[in-house]
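A.B. asks: Sequence first, then the predicted structure:
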Amino acid sequence: MNISLVDETDAVTEDGYTWVRFKAAGAITALKVVMIDTTKTGDAKIKYVKESLASAVGQAFSVGFALDTVADGEFVRVCIHGFLENAAVDTDVTSGVIVGPTSGGSVGLAIAGGASITSPPLALSLETAVADKADVYVLN
């Protein structure tokens, strides 16, 4: 089954990264980490994303970084692989570390690898973060 809701493609590769189009389950800010919205049912379960939660271990798998700022119900492109500039990562992230969703901290912000990451690693930081932003290479 294709997951794109618009053009029946699975993914689009351009400018050094690959993205997939989802529907937003709530407002999403560009460059934040997003996760599948598992509160949906049926086919919708794999077609909606929301900003990754800053919650306990066991949250849904984060799939990538949003490329667009959108309102609830709008389409959002999500970078699932490749180079991405200015991704939302914690200011404590340094160059060369794996980043992923958190079990604490800010919603939609990736942190440096370690015990606090609550789902598989998401990206490799290519620089030290400044003001919660860094270039990353998304690993999915």
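C.D. replies: Alright, I've got the coordinates.

A.B. asks: how much space is there between E85 and G73?
C.D. replies: 27 Å (CB to CB, to the nearest Å). Using the backbone N, CA and C atoms, a C-beta is placed for each residue, glycine as well.

A.B. asks: After the longest strand along the chain, which helix or strand is next?
C.D. replies: Longest strand of the chain, by residue count under DSSP state E: strand 75-88. Once the chain leaves strand 75-88, the next helix or strand it forms, by DSSP states H and E, is strand 98-100.

A.B. asks: pLDDT of that next one, averaged?
C.D. replies: The average of the pLDDT scores along strand 98-100 is 86.

A.B. asks: Just the residues contacting it, thanks.
C.D. replies: 62, 89-90, 93, 110-113, 117-125, 136, 139 (CB atoms under 8 Å, 6 or more residues apart in numbering).

A.B. asks: List only buried entries from those residues.
C.D. replies: Among the contacts of strand 98-100, those classed as buried by 16 or more other CB atoms under 10 Å are 62, 89-90, 93, 110-113, 117-119, 121-125, 136, 139.

A.B. asks: Show me the strands in this protein, by range?
C.D. replies: With DSSP E as the criterion, the chain has strands spanning 12-14, 17-24, 33-36, 48-51, 62-66, 75-88, 98-100, 111-112, 123-125, 133-138.
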